[in-house]
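*Asks:* Everything below, folded, please.
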Amino acid sequence: MTKKLAVVLAAGKGTRMKSELPKVLIPVCGRPMAQYVVDTLTAAGMDQIVLVVGYRSDLVREAFAGQDKIAFVEQPQQLGTGHAVMVCREVLAAHQGPVVVVTGDAPMMQLESIQALLDEFERSRPSCLLGTLHKSNPAGLGRIVRDKAGEFEAIVEERDATSEQQQITEVNMSCYVFDCQDLLFALERIRANNSQGEYYITDCPAVLKAAGKRIAALPVLKPIEALGVNTMAELEEVERVLCGDGAKDPHMNNLFNLPRIEHE
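*Replies:* Presented below is the predicted three-dimensional model:
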């Protein structure tokens, strides 16, 4: 059976959250934000979950110490999402099979979505499979551009999008399944030639496509997964859904079907 590995980007400070805690440890309904992500990946059958830690990494290590299948990789400098995966190369080098790459600040991640992406990856074996979402208000998000045949063509960030591309509702949600060796190939070739001087994981699909490899995008993510946590207002909204009246909402897309995983 092919082993499954996940990389969770969990190194950031989360400046806009106005907290001294690493962003992924900010409590959501009394639990660290990233715990929801780890539990979902565990329920999806990951054989190993690599947490990329950076800001106050000692606190993140302590919070997740002793949990089954978790390993930690340090990102001393936060030089972008691509760089966060680059620091995992030693772990990735020996892996053959799928690698799920997600962010640790996505407590609304759905087990059903991750399973659907893994099933599609197993079926069609692309170099990279993006989990995407159709969003009625896609402002601020990268658009998924497809060719006339409906195949993935590119991720176009909003600032670079034409007026026509800005009308696209399918968006990138920083949820990927890569073939591990193809991911390593792409990481060797992405460059930090941008105003931030950072390496972006979003450049990997373009590198792979240019090399003649197949990239696919599956709009399988649920509307609830668009609820991010970048501000205190967004945190309040997520908590309302997770532990407030939202729990009774029939449109919450089976959020509460995820089995609760207890940790000693």
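*Asks:* and stretch 74-92, which residues are buried?
*Replies:* Buried positions in stretch 74-92, judged by neighbour count with 16 or more other Cβ atoms under 10 Å: 75, 78-88, 91-92. To be clear about C-beta, it is placed using only N, CA and C from the backbone, and glycine gets the same treatment.
*Asks:* residues in contact with the nearest residue to R56 once chain neighbours are set aside?
*Replies:* Distances taken as Cβ to Cβ, 6 or more residues apart in numbering put P22 closest to R56, at 5.0 Å, once the chain neighbours are dropped. By Cβ atoms under 8 Å, 6 or more residues apart in numbering, P22 lies in contact with A10, A11, G12, K13, G14, V53, G54, Y55, R56, S57, L59, V60.
*Asks:* now do L21
*Replies:* Under the criterion of Cβ under 8 Å, 6+ apart, the contact list for L21 reads G14, R56, L59.
*Asks:* Likewise for T2?
*Replies:* Q96, G97, P98, E122.
*Asks:* TSV for those, including neighbour count?
*Replies:* Listed next are the contacts of T2 as TSV, based on neighbours: other Cβ atoms under 10 Å:
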residue	neighbour count
Q96	10
G97	16
P98	23
E122	13
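*Asks:* Pick the one among those closest to E164.
*Replies:* Taking Cβ to Cβ as the measure, P98 is the one of the contacts of T2 closest to E164, at 33.6 Å.
*Asks:* bridging residues for that closest one?
*Replies:* For P98, the beta-bridge partners are D179 (DSSP bridges).
*Asks:* Output the below-cut-off pLDDT ranges for the chain.
*Replies:* For the chain, the stretches with pLDDT under 70 are 1, 245-264.
*Asks:* Which parts of it are strands?
*Replies:* Along the chain, counting by DSSP state E, strands occupy 5-10, 27-28, 31-32, 48-53, 70-74, 98-103, 128-134, 143-146, 152-156, 170-179, 215-218.
*Asks:* any idea which of those strands is most buried?
*Replies:* Compared across the strands of the chain, strand 5-10 shows the largest average neighbour count, a mean of 27 (mean count of other Cβ atoms under 10 Å).
*Asks:* Now do it against strand 70-74: the angle between them, please.
*Replies:* 50 degrees (axes from the mean of the first three to the mean of the last three Cα atoms, to 10 degrees).
*Asks:* Run the chain-centre distance for strand 5-10.
*Replies:* 8 Å (Cα atoms, centre = their mean, to the nearest Å).
*Asks:* List the pairing partners of that strand within its sheet, with orientation.
*Replies:* Strand 5-10 has these strand partners (DSSP bridges): strand 48-53 (parallel), strand 98-103 (parallel).
*Asks:* To A186, which of the ones you listed lies closest?
*Replies:* Among the strands paired with strand 5-10, strand 98-103 comes nearest to A186, with 11.3 Å by Cβ to Cβ.
*Asks:* Next, the angle from the closest one to strand 128-134.
*Replies:* Using the same axes, to 10 degrees: strand 98-103 against strand 128-134 is 40 degrees.
*Asks:* Please state the offset of strand 98-103 from the chain centre?
*Replies:* 6 Å.
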